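Enquirer: Generate a structure from the sequence data that follows.
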Amino acid sequence: MPSQKSKEALHIGLLVGREWSWPPAFIDEVNRRDEGVTAEYVKLGGTRMNEPVPYRVIVDRISHEVPYYRSYLKNAALQGVKVINDPFMWTADDKFFGASLADQLGVASPRTLVLPNKEYVPGIKHDESLRNLIFPMDWNWIAEQVGGLPCVLKDAHGGGWRDVYVVRSLDELIWRYNQSGLLTMIVQEFIQWEDYARCMCLGQDEIYVMRYDPHQRMYHEDHNFSPELYERIVSDSRKLVQAFGYDMNTAEFAIRDGIPYAIDFMNPAPDMDVNSLGKKHFDWMVTHMADLTIRLAKSKEATRDRYAWAKSVKAVAHT
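Expert: From the prediction side, this is the model:
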């Protein structure tokens, strides 16, 4: 059960995993401002249906790995809490849909193709349950659709650079696919980039552009992008986060021939650790997340407002 709180203040709750620098810095930043908004770690031990939630805003950094937290956050959204990020959208998104959406938004993105799973849960009989699938797959055709080799094979629902492979031959592509188990994999055009940007996107409007080296997993303190390239990265990032509805997200761009290709832009629990970001970027994350969450705590915004079921609940409440 969450602890009882004073009714005078608005409360921000924080759900976290194994991160030790950003959470306490964020909580201290919110609390020191003395704006009638307090922040603390959420404490849970089982949740009743329609249990009231004492927080106006909850920042979620870990529910993608702790399913009970996701269930709690959906209940919180039902109670009118603003959840960062929307647990319903986060449950549903995948990198194939994201690539298709980016393309329709006019954002440059690598050509992408989603593959049937290699393995299935018990009860699926290949000769009966999978009658809609063509077998064997045409691997030459698959590679051609993304511009040939090399190409990238990655988990459609993964993050943190897990299960991402640059493959340079059909044999390697097939071998990697055969090791993918229950994962749903996508094949993607390989972008041989000349520069790289990672953008922190807050509140669907504020875009903080950082130059990044994926090979060394290193952020540069400053970027050297031209004004035109910078503005395009900001504009494309804003298009993506507004379409997905994420208030805390990173968008990554591989830059080739002056064109930023959006290659990873669904990171709703982005890296905010001081040891990887460096002090300059870390301080920005702390202060600007405090700005965002305090503003949302004082607003009437609620995660549920975008869903049809919320309108049904309001209609019942007014009868």
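Enquirer: element containing residue 209, please.
Expert: Assessed by DSSP states H and E, residue 209 sits inside strand 206-213.
Enquirer: Restrict that strand to CA atoms and write it as CSV.
Expert: C-alpha atoms of strand 206-213 as CSV (Å, rounded to 0.1, in the frame of the first residue of the first chain):
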residue,chain,number,x,y,z
GLU,A,206,11.4,20.0,-25.8
ILE,A,207,14.2,18.4,-27.8
TYR,A,208,17.8,18.3,-26.4
VAL,A,209,20.2,17.3,-29.2
MET,A,210,23.4,15.5,-28.3
ARG,A,211,26.2,14.2,-30.5
TYR,A,212,26.8,10.5,-29.7
ASP,A,213,29.1,7.7,-30.7
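Enquirer: hmm, who's touching the next helix or strand after that strand?
Expert: As assigned by DSSP H and E, the chain's next helix or strand after strand 206-213 is strand 218-219. Here strand 218-219 makes contact (C-beta atoms under 8 Å, 6 or more residues apart in numbering) with 198, 210, 211, 212, 213, 276, 277, 278, 281. C-beta here means a position set from N, CA and C on the backbone, and glycine is covered the same way.
Enquirer: Try it again at 7 Å.
Expert: Outside strand 218-219, the residues that touch it by C-beta atoms under 7 Å, 6 or more residues apart in numbering are 210, 212, 276, 277, 278, 281.
Enquirer: And the next helix or strand past that strand?
Expert: For strand 218-219, the succeeding helix or strand toward the C-terminus, using DSSP H and E, is helix 227-244.
Enquirer: and that following helix, which residues are buried?
Expert: 229-230, 232-234, 236-241, 243-244 (16 or more other C-beta atoms under 10 Å).
Enquirer: mind checking how far that helix is from the chain centre?
Expert: 16 Å (C-alpha atoms, centre = their mean, to the nearest Å).
Enquirer: repeat for stretch 107-127
Expert: 21 Å.
Enquirer: how long is that stretch from one end to the other?
Expert: By C-alpha to C-alpha, to the nearest Å, the extent of stretch 107-127 from end to end equals 40 Å.
Enquirer: ok, now stretch 255-275?
Expert: 25 Å.
Enquirer: List the buried residues of it.
Expert: Buried residues in stretch 255-275 (16+ other C-beta under 10 Å): 255, 260-272, 274.
Enquirer: and these, which two are the farthest apart?
Expert: 261 and 274 (28.9 Å; C-beta to C-beta).
Enquirer: what's the strand holding residue 209 packed up against?
Expert: strand 195-202, helix 227-244, helix 279-298 (3 or more C-beta pairs under 7 Å, 6 or more residues apart in numbering; DSSP states H and E).
Enquirer: mind listing the helices in the stretch 51-200 of the chain by residue range?
Expert: 67-78, 87-92, 95-104, 126-129, 139-145, 170-178 (DSSP state H, counting those that start in this stretch).
Enquirer: got the buried residues for the fourth one?
Expert: Of the residues in helix 126-129, none is buried under the neighbour-count criterion (16+ other C-beta under 10 Å).
Enquirer: Pull the distance from that helix to the chain's centre.
Expert: Distance, stretch centre to chain centre, for helix 126-129: 34 Å (C-alpha atoms, centre = their mean).
Enquirer: Same check on the last one?
Expert: Distance of helix 170-178 from its chain centroid, counting by C-alpha atoms, centre = their mean, is 27 Å.
Enquirer: Contacts for that helix, please.
Expert: Outside helix 170-178, the residues that reach it (C-beta under 7 Å, 6+ apart) are 115, 118, 139, 143, 153, 165, 167, 185.
Enquirer: Report the contact partners of the second one.
Expert: Put plainly, it is residue 118. 177, 178, 180, 181.
Enquirer: Apply 10 Å and report the result again.
Expert: 176, 177, 178, 179, 180, 181, 182, 183, 184, 185 (C-beta atoms under 10 Å, 6 or more residues apart in numbering).
Enquirer: From the residues you listed, keep the buried residues only.
Expert: Of the contacts of residue 118, these count as buried by 16+ other C-beta under 10 Å: 176, 177, 180, 183, 184, 185.
Enquirer: returning to that earlier point: list the buried residues of the strand holding residue 209.
Expert: So for strand 206-213, counting by 16+ other C-beta under 10 Å, buried means 206, 207, 208, 209, 210, 211, 212.
Enquirer: In JSON lines: those, plus distance to residue 160 and pLDDT.
Expert: Listed next are the buried residues of strand 206-213 as JSON lines, based on distance: C-beta to C-beta, whole Å; pLDDT from 0 to 100:
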{"residue": "206", "distance to residue 160": "23", "pLDDT": "98"}
{"residue": "207", "distance to residue 160": "22", "pLDDT": "98"}
{"residue": "208", "distance to residue 160": "20", "pLDDT": "98"}
{"residue": "209", "distance to residue 160": "21", "pLDDT": "98"}
{"residue": "210", "distance to residue 160": "17", "pLDDT": "98"}
{"residue": "211", "distance to residue 160": "20", "pLDDT": "98"}
{"residue": "212", "distance to residue 160": "14", "pLDDT": "97"}
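Enquirer: With that, I have no additional questions.
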